[in-house]
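Trainee: Here is my input; please provide its structure:
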Amino acid sequence: MPTRLAVGAVVLKGDAVLLIQRGRPPFAGTWSLPGGKVEPGESLVDAVVREVREETALVVTVERLLGVVTLPRGPHPNSAVYEIHEFLCVLDAGASSVVRAGDDARDARWCDDRDASELSLTPDVLRVIASGRAAASVTKA
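Mentor: Here you go, the predicted model:
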């Protein structure tokens, strides 16, 4: 089974988290964290900053790695497995927090817990968001 390197970002603004609606396969139409595939020769940090910018028009800085989520792309034995390196990111100082969906994101928005609960987020996404919130509260302390 081939492994594909990918990245994801937890970006927080107060009580809200940045979410995108996927516009293309895999998982088109579902809501998730911004992120995507790592380009050849690209570092994980550069990839997550690029993906957030492409999908939401936001400029972020990486704070820390939160963990790795392994996600199979399909049911077939030869389907790729995504190894998603999830990062806590913060908006760059002075950067706009106005979200504009782009690239392969059909929609993008800041969501509070109530909004997010209506978007059918996967347990993996919910765990990563919780991990990001916990890490952010430790960073602030």
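Trainee: Give me the residues contacting the lengthiest helix in the chain.
Mentor: When secondary structure is assigned using DSSP state H, the longest helix within the chain turns out to be helix 123-140. Applying Cβ atoms under 8 Å, 6 or more residues apart in numbering, the contact partners of helix 123-140 are 8, 10, 12, 17, 31-33, 63-64, 66-67, 69, 71, 86, 88, 116, 121. C-beta: built from backbone N, CA, C; applies to glycine.
Trainee: ok, now with 7 Å
Mentor: Contact with helix 123-140 is made by 8, 10, 12, 17, 32-33, 63-64, 66-67, 69, 86, 88, as judged by Cβ atoms under 7 Å, 6 or more residues apart in numbering.
Trainee: At which residues are the helices of the protein located?
Mentor: Using DSSP H, helices in the chain cover 44-56, 113-117, 123-140.
Trainee: any idea which helix or strand of this structure has the worst average confidence?
Mentor: Among the secondary structure pieces of the chain, namely its helices and strands, helix 113-117 has the lowest mean (mean pLDDT, DSSP states H and E), a mean of 86.
Trainee: Could you give me the buried positions within that helix?
Mentor: Buried residues in helix 113-117, counted by 16 or more other Cβ atoms under 10 Å: residue 116.
Trainee: can you check stretch 89-107 too?
Mentor: Going through stretch 89-107 with 16+ other Cβ under 10 Å, the ones that come out buried are 89-91, 99, 101, 103, 105.
Trainee: again, but for stretch 24-37
Mentor: Within stretch 24-37, the residues that qualify as buried are 31-36, counting by 16+ other Cβ under 10 Å.
Trainee: Keep only those of those that are in strands.
Mentor: When those are checked against strands using DSSP state E, the ones located there are 31-32, 35-36.
Trainee: Show me where the chain dips below the pLDDT cut-off.
Mentor: 1, 73-78, 139-141 (pLDDT under 70).
Trainee: And the least confident helix or strand of the chain, what does it pack against?
Mentor: For helix 113-117, not one helix or strand is in contact under the criterion 3 or more Cβ pairs under 7 Å, 6 or more residues apart in numbering; DSSP states H and E.
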